[in-house]
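Trainee: Here is a sequence with its predicted model. Questions after.
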Amino acid sequence: MSSKICVRLRNLSTPARRVLFCQLVCLLVLAFSHCASAYSQEPAPVTATPNLPDAPGVQPTTVAEADNPPPLPRENFAPNPDDESSQVPNQSGPPRWWKQSTFDPDAKPDPDYLKHYQWRGLIWQSVEFNVVENGFRVSSDPVMRDILAHRPYWHDWLASMKQFNMRRWNDGDAFIVNYVGHPMQGAIATYIEIQNSPTDRRLQWGDPGYGKSRFKGFLWSVVYSTHSEISPAGEAGVGNEGGFTYPTNCLYQSFDFPIGICHPNTKYTNNTGWVDFIITPTVGMVWVTAEDLIDRYVTKPMVLRHPDRFWPLVVRSGLSPSRSFANMLRWKVPWYRDYEAPIQEPNRVYWFPSKEVAEYRALPDVQLAPFWNSVSIASNTSTCFNCRETTIGGGLQTTLKIRGWLGFDTAVSYHPNASPLPSDRAGGNMLAAFFGLSASKQWHYYALHFAMRPGMVQYSQAYLRSPVLYSVLTSPPRIATTGGNAEGLPYPGVTDANGTPNEPPLGSIHHFAWDWQLALDYRVNKRIAFRVGLEDAIVRYRTNKVDDPGTGAPPFFSWLSKEQFINRGNFVLQLGPVFNF
């Protein structure tokens, strides 16, 4: 595997390798800066809470307290009227949903909060941002939807990467996209990094350490913007930026756009260049600074003057769009500000379920679930080709607990003679293997299990290539794998245009697939349960269709695959025991 990765990296152009190297350097500098900041803080001592009487069914657990809280205004959680930096909007009067709470009774104390950077929050919020971006792009671009649904994903991503043109500045996008939209993207990525640092997120313009905190956010913005351009989950993978050319001033961007409609002086581009790599983090940093200045000197005084009004919070959100969006990615209201939320002292005992109850509800470290399953999938028989048939098989599902409710999930199943006759989709025995993540919730008698797993489906004796479209003496014309038994031809009638047998070679073929599972467990005891699972296995098949010969001809160049694929969902029922360890 490592040798294949090295070969693919060597095949990339020199500018692309330089971009990847710069991204790695920024990641290392960011990690080093956070580690240095963490170890420069002294951890707070841990003290035990006083002994309290036990409650029925639960037992007290000691908590850690911070004897040396950070130098932040929080006496009685009240603002100092003489100190502007400690002012918090008035929270008096009846509670209103838009007010920012100054005390969270359910907050868990963390004595070492100054030492722990929230890496998990950084990654998850960045993933959320990436999903929102790609969701908007896919929903608004029919060509992108067609590419994702009917093209070989990994092949086209690598082909697109190899065609990045780093010998020019502009990529052909409009001014508002390159110099407004992308800087906003960089500003949001910067705020995502800032809001996951327990110290940096409380800094305002002019506070000591403000510049260093924003520089660390800038480094993450460089990493995120590079990923959004060239990674498999970025524009090179989702939409194949760089893989084909299109006119810059025509309404539709597609391979078969009639050339005569475009202006004679139309320029064509594959949407690559240096502009997004440079403008996104640098101008995004300017955007962050502008929002911080507006927040310090315009919107914050407005909120303080009108503490019981809602409209100042709307204005604050509108004048800080990047921070507002970043706040929503961590499920906060758009106008939320960390420096207005005083840090809570850990000053009480937390009660948890008894040890016996906690152990019974805890998820097992390992689950082994041998199963019987039935799959409704494409099959070839003597009466029907590429028809949906139910095949019976069995296998083993394994779940390894990663942390809390999250686990690593695998499922391998075998179905003998799933397709008695061959085609370019199925033939012989079927082996299905899926590897992914799962989420589980466990009660006293029941447990719920949800898994999302990519993988593959393998057939042992299928056509290694698709039969070519041809005409036979039937009406209407047919192709072999869609049925048709022309008189005098051996079934299934795989012949060329002259009626000569021309069966493709047989062998093992693989189809990429996604499997989604929802399972319910009935717990017989702590170690044994019975599982009923429903699944949807989406299999991706190669078809015998290819692009027209003119596709990719100048000026509409294309380096993408000429093959086309289709996706088919397949219902799966799973039954079997579950053994917990």
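Mentor: Perfect, I can see it now.

Trainee: could you point out which element follows the helix or strand of the chain with the lowest mean pLDDT?
Mentor: Scoring the helices and strands of the chain by mean pLDDT, DSSP states H and E places strand 58-61 at the bottom, with a mean of 43. Following strand 58-61 in sequence order, the next helix or strand is helix 119-140 (DSSP states H and E).

Trainee: Could you pull out the buried residues of that next one?
Mentor: By neighbour count with 16 or more other C-beta atoms under 10 Å, helix 119-140 contains the buried residues 121-122, 125-126, 129-130, 133-134. In this view, the C-beta of every residue, glycine as well, is placed from N, C-alpha and C.

Trainee: other SSEs contacting the helix or strand hosting residue 155?
Mentor: Secondary-structure assignment from DSSP H and E places residue 155 in helix 153-162. When contacts are defined as 3 or more C-beta pairs under 8 Å, 6 or more residues apart in numbering; DSSP states H and E, helix 153-162 sits against helix 2-11.

Trainee: hmm, who's touching stretch 389-401?
Mentor: Taking contacts as C-beta atoms under 8 Å, 6 or more residues apart in numbering, the residues outside stretch 389-401 that touch it are 363-379, 381, 407-416, 418-419, 430, 432, 438, 440, 449, 574.

Trainee: try 7 Å
Mentor: Contact partners of stretch 389-401, identified using C-beta atoms under 7 Å, 6 or more residues apart in numbering, comprise 363-377, 379, 381, 407-415, 418, 430, 438.

Trainee: residue ranges with poor pLDDT in the chain?
Mentor: Within the chain, the stretches falling below the threshold (pLDDT under 70) are 1-115, 249-264, 342-361, 467-503, 548-553.

Trainee: Tell me where it has helices.
Mentor: Secondary structure of the chain (DSSP state H): helices at 2-11, 14-39, 119-140, 142-150, 153-162, 175-176, 182-194, 210-230, 275-294, 300-305, 311-319, 321-329, 355-361.

Trainee: Among those, which comes closest to residue 506?
Mentor: With C-beta to C-beta as the measure, helix 153-162 is the member of the helices of the chain nearest residue 506 (23.8 Å).

Trainee: Tell me, how many residues neighbour the closest residue to residue 504 other than its chain neighbours?
Mentor: For residue 504, the nearest residue in space outside its immediate sequence neighbours is residue 463; the separation is 4.2 Å by C-beta to C-beta, 6 or more residues apart in numbering. Each residue near residue 463 was counted by other C-beta atoms under 10 Å, and the total is 23.

Trainee: For residue 463, name its beta-bridge partners.
Mentor: Beta-bridge partners recorded for residue 463 (DSSP bridges): residue 506.

Trainee: All further residue positions should be reported with the first residue as 3.
Mentor: Happy to do that; since the first residue is 3 now, the last one works out to residue 465.

Trainee: Which residues are in contact with it?
Mentor: Residue 465 sits in contact with 424-426, 429, 506, 508, where contact means C-beta under 7 Å, 6+ apart.

Trainee: separation between residue 384 and residue 421?
Mentor: According to C-beta to C-beta, to the nearest Å, residue 384 stands 12 Å off from residue 421.

Trainee: of those two, who's got more company?
Mentor: Taking other C-beta under 10 Å, residue 384 and residue 421 do not tie; residue 421 has more neighbours (26 against 9).

Trainee: do you know how far that one is from residue 122?
Mentor: The span separating residue 421 from residue 122 equals 44 Å under the rule C-beta to C-beta.

Trainee: Give me the buried subset of the contacts of stretch 391-403.
Mentor: Applying 16+ other C-beta under 10 Å to the contacts of stretch 391-403 flags 365-366, 369, 371, 373, 375, 377, 379, 381, 409, 411-413, 415, 417, 420, 432, 440 as buried.

Trainee: Narrow these to those in strands?
Mentor: With strands taken from DSSP state E, the overlap with these comprises 369, 371, 373, 375, 377, 379, 381, 409, 411-413, 415, 417, 420, 432, 440.

Trainee: Farthest pair within those residues?
Mentor: Set against one another by C-beta to C-beta, those have their most distant pair in 381 and 409, with a gap of 32.4 Å.

Trainee: quick one on the thing from earlier: relative to residue 153, which of the buried residues of helix 121-142 is nearest.
Mentor: Nearest to residue 153 among the buried residues of helix 121-142, counting by C-beta to C-beta, is residue 136 at 15.8 Å.

Trainee: thinking the closest one is in contact with residue 238, fair?
Mentor: No - with contacts counted by C-beta atoms under 7 Å, residue 136 stays clear of residue 238, the gap being 12.0 Å.

Trainee: could you check the distance from the residue nearest to residue 156 when sequence neighbours are not counted over to residue 241?
Mentor: Counting by C-beta to C-beta, 6+ apart, residue 234 is the residue found nearest to residue 156 once chain neighbours are left out, at 7.7 Å. When C-beta to C-beta is applied, the distance between residue 234 and residue 241 equals 12 Å.

Trainee: Then residue 373?
Mentor: Residue 373 is 38 Å from residue 241, where distance means C-beta to C-beta.

Trainee: For the closest residue in space to residue 219 that isn't next to it in sequence, which residues are in contact?
Mentor: Leaving out its chain neighbours, the residue that sits closest to residue 219 by C-beta to C-beta, 6+ apart is residue 192, at 3.7 Å. The neighbours of residue 192, taking C-beta under 7 Å, 6+ apart as the test, are 216, 219-220, 222-223, 286-287, 290.

Trainee: now, which of those sits nearest residue 520?
Mentor: residue 222 (35.4 Å).

Trainee: Next, work out how far apart that closest one and residue 283 are.
Mentor: Counting by C-beta to C-beta, the gap from residue 222 to residue 283 is 9 Å.

Trainee: Count the neighbours of residue 218 for me.
Mentor: Burial measure for residue 218: 20 neighbouring residues, criterion other C-beta under 10 Å.

Trainee: domain ranges for this protein?
Mentor: For the chain, automatic domain parsing gives the domain ranges 4-41+113-342, 364-468+506-582.

Trainee: ok so, going back, between residue 222 and residue 283, who's got more neighbours?
Mentor: More neighbours sit around residue 283 than around the other of residue 222 and residue 283, counting by other C-beta under 10 Å; the figures are 27 against 23.

Trainee: So for the more buried one, what's the nearest residue that isn't a sequence neighbour?
Mentor: In space, residue 283 comes closest to residue 223 once its chain neighbours are excluded; the distance is 4.1 Å by C-beta to C-beta, 6+ apart.

Trainee: contacting residues for the one you found?
Mentor: With C-beta under 7 Å, 6+ apart as the criterion, the residues that contact residue 223 are 188, 191-192, 282-283, 286.

Trainee: Mind doing that once more with 10 Å?
Mentor: Contacts of residue 223 were listed using C-beta atoms under 10 Å, 6 or more residues apart in numbering, and they are 28, 185, 187-195, 216, 282-284, 286-287, 290.

Trainee: and what of residue 327?
Mentor: Shown here is residue 327, whose contacts under the criterion C-beta under 10 Å, 6+ apart are 131, 134, 186-187, 189-190, 193-194, 319, 336.

Trainee: List buried residues within those.
Mentor: Applying 16+ other C-beta under 10 Å to the contacts of residue 327, the neighbour count classes 131, 186-187, 189-190, 193-194, 319, 336 as buried.

Trainee: Pick the one among these closest to residue 546.
Mentor: Nearest to residue 546, judged by C-beta to C-beta, of the buried ones among the contacts of residue 327 is residue 131 at 39.6 Å.

Trainee: one step back: any chance of a markdown table for the contacts of residue 327, columns distance to residue 168?
Mentor: Converted to a markdown table, the contacts of residue 327 look like this (distance: C-beta to C-beta, whole Å):
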| residue | distance to residue 168 |
| --- | --- |
| 131 | 25 |
| 134 | 28 |
| 186 | 24 |
| 187 | 20 |
| 189 | 24 |
| 190 | 25 |
| 193 | 28 |
| 194 | 27 |
| 319 | 38 |
| 336 | 37 |
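
Trainee: which one of those sits closest to residue 246?
Mentor: Nearest to residue 246 among these: residue 187, at 23.1 Å, using C-beta to C-beta.

Trainee: re the thing from before, for the ones in strands among the buried ones among the contacts of stretch 391-403, which one is nearest residue 340?
Mentor: Taking C-beta to C-beta as the measure, residue 340 lies nearest residue 409 of those, at 32.4 Å.
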